[in-house]
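[1] got a structure for you, letters missing:
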């Protein structure tokens, strides 16, 4: 049997396909995104989509990754919810979880405190 070293296999795959990206659909964290996707010739980018939000102890997030032909790069963070799309264009470049737009816990706490003060301030 002839065994091909892993680095040689990676080099062949990299040259054979235009782009290879990490892929997952609705994973709760980056640990659920260890699958590779070989992009078609129409795909120019690897994309990571992050959606998350929460109040207090209750929070959730969803990460999706894969190949896309056009990059719809965007992001929004309103304290209790955040969403972002980040793109890159090299071999397995979308390893991060677009964490720069994840909901900030300090902003969440301040928003909840302001809501309670507004709602119950007249009774205190």
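    Looks like it arrived, so ask away. It should be emphasised that the depicted structure is a prediction, and the values quoted were computed from it without experimental measurement. Residues are numbered from 1 along each chain as shown.
[2] is residue 95 part of a helix or strand, or is it coil?
    When classified by DSSP: H, G, I helix; E, B strand; the rest coil, residue 95 comes out as coil.
[3] how about the helices of this protein, start to end?
    Using DSSP state H, the helices found in the chain span residues 6-16, 105-120.
[4] so for the shortest one, what's the average pLDDT?
    In this model, helix 6-16 carries a mean pLDDT of 55.
[5] same check on stretch 41-58?
    Regarding stretch 41-58, the rounded mean pLDDT is 91.
[6] can you pull the buried residues of that stretch?
    43, 45-53 (16 or more other Cβ atoms under 10 Å). Quick note: C-beta positions are derived from backbone N, CA and C, even for glycine.
[7] ok, now stretch 77-90?
    Those would be 77, 79-80, 82-88, for stretch 77-90 by 16+ other Cβ under 10 Å.
[8] can you put those residues in a markdown table and add pLDDT and distance to residue 96?
    A markdown table is the format used below for the buried residues of stretch 77-90 (pLDDT from 0 to 100; distance: Cβ to Cβ, whole Å):
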| residue | pLDDT | distance to residue 96 |
| --- | --- | --- |
| 77 | 84 | 16 |
| 79 | 80 | 22 |
| 80 | 85 | 23 |
| 82 | 91 | 15 |
| 83 | 91 | 15 |
| 84 | 92 | 11 |
| 85 | 93 | 13 |
| 86 | 93 | 7 |
| 87 | 94 | 12 |
| 88 | 95 | 9 |
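[9] in strands only, show me these.
    Within the buried residues of stretch 77-90, residues falling in strands by DSSP state E are 77, 82-88.
[10] ok, so of these, who is nearest residue 71?
    Residue 71 lies nearest to residue 87 out of these, by Cβ to Cβ, at 3.7 Å.
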